[in-house]
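>>> Just a sequence and a predicted model for now, questions to come.
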Amino acid sequence: MELALTSRTDGDFEIIEVGGEIDVYTAPRLREAIVTAVEAGHTKLIIDVQRVDFLDSTGLGVLVGALKRVRADGGSLDIVCTQERILKIFQITGLDKVFGLHASIEDARATPA
């Protein structure tokens, strides 16, 4: 399955919406979108994975790397996800304690960095 990516700026936030599968083949495209956003000066990122069907360790690695990068610049990275199977991946790996997980983009925007 292909990876669908859209990015948009909303106030102080750069919102990257992702759909499809994030795996060893598609994760580099997500990494590229994140790097592009950060290089453009965006340090408050919201990654919306509501339409993601599959997320593997490569995809998690991209998200962790992005978090480290924006935090080094005083920024934040929040994830929008309500899908049980994707949330379970974050819980099993302990990354639910590392990332801000939100039910909607509005919730993520309202969270203080």
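Looks like it came in fine.

>>> Let me know the helix or strand that the most centrally placed residue in the chain is in.
With distances taken as Cα atoms, centre = their mean, Ile47 lies nearest the centre of the chain, 3.1 Å away. Ile47 belongs to strand 44-55 when elements are defined using DSSP states H and E.

>>> Now do the helices in the protein.
27-39, 57-72, 84-93, 105-110 (DSSP state H).

>>> how about the ones you listed in JSON lines, adding mean pLDDT, distance to Thr6 and mean neighbour count?
Bear in mind the C-beta positions are built from the backbone N, C-alpha and C, glycine included. Converted to JSON lines, those look like this (pLDDT from 0 to 100; distance: least, Cβ to Cβ, whole Å; neighbours: other Cβ atoms under 10 Å):
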{"stretch": "helix 27-39", "mean pLDDT": "96", "distance to Thr6": "9", "mean neighbour count": "17"}
{"stretch": "helix 57-72", "mean pLDDT": "96", "distance to Thr6": "17", "mean neighbour count": "17"}
{"stretch": "helix 84-93", "mean pLDDT": "96", "distance to Thr6": "18", "mean neighbour count": "14"}
{"stretch": "helix 105-110", "mean pLDDT": "94", "distance to Thr6": "12", "mean neighbour count": "15"}
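
>>> can you put those helices in TSV and add distance to Phe99?
Formatted as TSV, the helices of the chain follow (distance: least, Cβ to Cβ, whole Å):
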stretch	distance to Phe99
helix 27-39	14
helix 57-72	7
helix 84-93	7
helix 105-110	10
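
>>> quick one, which of those helices is nearest to Glu2?
Comparison of these against Glu2 by Cβ to Cβ identifies helix 27-39 as nearest, at 9.5 Å.

>>> which other helices and strands contact the closest one?
strand 3-10, strand 13-22, strand 44-55, helix 57-72 (3 or more Cβ pairs under 8 Å, 6 or more residues apart in numbering; DSSP states H and E).
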